[in-house]
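**Q** fold the following and give me the result.
(chains A, B and C)
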Amino acid sequence: MIPLHAYLLLAAALFTLGVYGLLTRRNAVGILISVELMANAVNINLVAFSWAHGGTVGQVFALFAMAVTVAEVVVGLALVILLYRSRKDVLVDQARDLRH
Amino acid sequence: MIEQAIFAFVASCMLYSGLQVVHGRNLVHAVLWLGVTLSLTALLFLLLRAPFLAGIQILLYAGGVVTLMLFGIMLTHRHGGVHVENQQGRKLRGALAAGALFALMSGAICTTGALPHGGTAVVSAAEIGQAFLTDHLLAFEVLSLLLLAAMVGAIALARRSDYGEVVSGPAGRGVR
Amino acid sequence: MSAPTPFHWGLIALLFPLVAAALIGLVAPLRRAGMPAALVSIAAALTSLLASAVLLAGQIDDPSRAVVEVVGWLPVAGSTMAEVGLRLDGISLSMLLIVTVVATCVQVFSLGYMADEPPSAFGRYYGFHSLFIFSMNLLVLAPNLLQAFAGWELVGLTSYLLIGFYYRKPSAAKAAVKAFWVTKFGDMGLLLALVFLFAQTGAFSWDVTLSGGWAVVITALVFFAVVGKSAQFPLHVWLPNAMEGPTPVSALLHAATMVAAGVFLVVRLDPLFVQAPETQMAMAWIGAFTALFAAVIAVVQKDIKRVLAYSTCSQLGYMICALGAGSVMAAYFHLTTHAFFKALLFLGAGSVIHAVHSNNLADMGGLWRKMRLTAVTFIIGALALAGVPGLAGFFSKDLVLEAVHERGLWLPWLALLAAAFLTAFYMGRVVFLAFFGTPSKAAEHAHESGPTMALPLVVLAVGSVGAGYFGSSFAELYGASYSFHMGLSGIVATSLGLAGLGLAWLVYGRRSLPESSFAFLAPIGKLAESALLDRMYTFMFRRVLLVLAGLIGWLDRYVVDGLINVIGWAAIEGGRRLRRVQTGNVQDYTYAVVVGTILFVIWGLWP
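**A** Numbering: from 1, shown residues only, chains lettered A, B, ... in the order given. All right, here's what the predicted structure looks like:
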């Protein structure tokens, strides 16, 4: 049997990778991908706990999370496209109009 | 024993592909690596006795999201290449923050003693469907509303305005 | 309707002048019309006079009566801090009558004297006068020290307004400001006394017993204010300058009533002053010194009003000295008689000035033939002041000297005797220079003043002759006893006074002694005149007060404001630096979120 710790550690590592990408990517799509990675790590946790505790609640939660993530991706991509349309690039460090 | 071996293999593959996702220079490759990661996650779900979720994972993520991302890249990289550089200045502090976060989380996980242990019982699609339509019906309906809103929002945001000319100066403020 | 009580009469005496002042002050057409305003003011003064006469008559029937009607004022936590109202007793009512009589006389006199003024100025003048009567009555009828203080300050204000009545004349404006400042400087003493009194007793009433040295402290502070208001050395410097005001004003405020308010206040606060023999001693010495000092200056003055002004200082010195000797009766009696004859002298001087259009004694002379009535009344006033037997000043001055003598204050007594001699001399000098001898050019065209000016002179002359005979009635009002007797002081002072008059006749009347034989007095007088003191005050003001103020200003500007500025600067600078945090780069914000999360987790995991 695989201990729960292993799953949790793996999820933590994936989440950390996502955070790293979130902090370092300049490209808006890259950032979105990183967020996907983080969401995926969370899902692993949910399912792992569901497995450990038994029952369906964890999996249902994971399904909800997936749907929400997909919705987020859709809106996020729409924003990226909007950004591209207005600036002709999707580099977040160039889009600093909110400053001052 | 076999399970452990499979887990070890899957986990190492996931870590590698995850690294590629956030570290790769080619954005298209990164998205493809993301697809790999997500598919491997589906394998993990199988190990966790959640076959329905594994299927959904493949369908929704590997099939849907990755494709969507590719479209996104395609739509936003007409003029430049798909190569991206991570910012040098941010690499270090990003790594530092992420490392600290990982240290904290793994510390917390490892110092937690006995955790419950799952059995081999498989949760079937029927059970999940049952749960959806009974205990979590409200959430389910709200979720459908959320998806609708997201769809409408995405369309409203991303569609070209058909009226008025597109004004975009060098700084590019607004679409109208 | 029931018969009016003393309280009603008191209210009438107090409020009618206020109503008149308000009418004249607020109804501009009335004020600009001039004469109607004057009539309103005189009517109010007459009403006030009538009310006080009724009150005093009732008081004489029952000398020990004391009506006190008060209402609470300054509510604090369910109770009141102070009271306002009326206190009608022997002291306040007799003073009230003096004030209203002199004020009415002066107002009537002003009808003639100020007739050449434009109507609006005329109306303004009478508005101030009404305000003055109200203020003075407020002070006189005060049931406690707080209300007295309010009246005291209002009196100071009207004094300022009336001295500066010819405000287009720079010297008058300056004199008004000077009078205001000097008296205000003294008033700080009264204010402090109020604070201390309240701190000690929790009230503002004066018939209390104070423990420790507080009686001395409080009375000394009150006396400081009295020194300012009653023009005692060294704060007398404002009074000669105050002669810039119209002469009737000088008669009312700066001779008969306002300057006497200081004396009145001490009389009122007698229960406090008897607890402080040290203050009384200081009063005796300062009063005696002022009496002699001012008399010396008066001898060398060329301006008739300034002679009278210094004479006023001198006579107020008598009163203060008597108070110092512990004789309230003597001081108050002298205050009363002095009010009559000094007002008479000032009004007589006003009549003369009106006729010759000059204050200078050299422009007068030989007026006896031109202005018979003015001359007679003026001479009566002068003789009363000089202490000629039978006239008012004789009795009261005698009483003062007697009191000082009894107390064993030898040096002050001698100073007062010397001052009595000088008083007679300078009054003789004025009389001979103004009314006898060869007329100057200006005096040749002089003619007697009209009836409105003559009538008050006659009334006051009667008072100057008769007031002295009411000594025993006065004494009853204060619960003292008085019987005239000719003691050592009386004989010496009277002979000295007659000698002074005789000397004046020799020098200025018969001219058998050259004026130059008094040349030695000139430098003393010049030295004693206020120039030196003025210079000292100027020095104190410029070199000490202004430097101190500059220092405090500097502290305020650079230390206090500097502190505020540093705080403001720190906020601005901090904001400017912190603004860099807001890069606008979304990843920096994400970074902040991550770091914040880490910190939260650490915080949560911390044992």
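
**Q** from the contact counts, what lies against whichever helix or strand residue B:93 is part of?
**A** Here residue B:93, judged by DSSP states H and E, is contained in helix B:88-111. Judged by 3 or more Cβ pairs under 8 Å, 6 or more residues apart in numbering or on different chains; DSSP states H and E, the packing partners of helix B:88-111 are helix A:4-24, helix C:586-605. C-betas here are computed from N, CA, C, even on glycine.

**Q** among the ones you listed, which is the most enclosed?
**A** Counting by mean count of other Cβ atoms under 10 Å in any protein chain shown, helix A:4-24 has the highest mean neighbour count of those, with a mean of 24.

**Q** does anything pack onto that helix? Which helices or strands?
**A** With contacts defined as 3+ Cβ pairs under 8 Å, 6+ apart, the packing partners of helix A:4-24 are helix A:28-53, helix B:2-23, helix B:27-47, helix B:88-111, helix C:586-605.

**Q** could you list the low-pLDDT ranges of the stretch 1-150 of chain C?
**A** C:1-2 (pLDDT under 70).

**Q** nearest to chain B: which residue in it?
**A** residue C:77 (60.3 Å; Cβ to the nearest Cβ).

**Q** would you mark the buried spots in the biggest helix by length in chain A?
**A** In chain A, taking DSSP state H as the definition, the longest helix is helix A:57-87. By 16 or more other Cβ atoms under 10 Å in any protein chain shown, the buried positions in helix A:57-87 come out as A:58-67, A:69-81, A:83-87.

**Q** elements contacting that helix?
**A** Here helix A:57-87 touches helix A:28-53, helix B:51-56, helix B:66-76, helix B:125-133, helix B:137-158, going by 3+ Cβ pairs under 8 Å, 6+ apart.

**Q** now tabulate those helices in TSV and tack on mean neighbour count.
**A** Putting the helices and strands packed on helix A:57-87 into TSV (neighbours: other Cβ atoms under 10 Å in any protein chain shown) gives the following:
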stretch	mean neighbour count
helix A:28-53	24
helix B:51-56	20
helix B:66-76	18
helix B:125-133	14
helix B:137-158	14
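
**Q** want to throw those helices into a markdown table with mean pLDDT and distance to chain C?
**A** A markdown table is the format used below for the helices and strands packed on helix A:57-87 (pLDDT from 0 to 100; distance: least, Cβ to the nearest Cβ, whole Å):
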| stretch | mean pLDDT | distance to chain C |
| --- | --- | --- |
| helix A:28-53 | 90 | 8 |
| helix B:51-56 | 90 | 27 |
| helix B:66-76 | 86 | 16 |
| helix B:125-133 | 88 | 31 |
| helix B:137-158 | 89 | 17 |
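
**Q** got the contact list for the helix holding residue B:93?
**A** Under the contact criterion Cβ atoms under 8 Å, 6 or more residues apart in numbering or on different chains, helix B:88-111 has outside partners A:5, A:8-9, A:12-13, A:15-17, A:19-20, A:23-24, C:587, C:591, C:594-595, C:597-598, C:601-602, C:605.

**Q** now stretch C:28-36
**A** With Cβ under 8 Å, 6+ apart as the test, stretch C:28-36 has contacts from C:23-25, C:37, C:40, C:117-124, C:127.

**Q** cool, and stretch B:9-23?
**A** Among residues not part of stretch B:9-23, those counted as contacts by Cβ under 8 Å, 6+ apart are A:6, A:10, A:13-14, A:17-18, A:20-21, A:24-25, A:30, A:33-34, A:37, B:29-30, B:33-34, B:36-37, B:40-41, B:43-44, B:47, B:86.

**Q** residue nearest the centroid of chain C?
**A** In chain C, the C-alpha nearest the mean C-alpha coordinate belongs to residue C:259, at 2.7 Å (Cα atoms, centre = their mean).

**Q** what residues does the closest residue to it other than its chain neighbours make contact with?
**A** In this structure, residue C:259 finds its nearest non-sequential neighbour in residue C:230, 5.1 Å apart by Cβ to Cβ, 6 or more residues apart in numbering or on different chains. By Cβ under 8 Å, 6+ apart, residue C:230 lies in contact with C:259-263, C:316, C:319-320.
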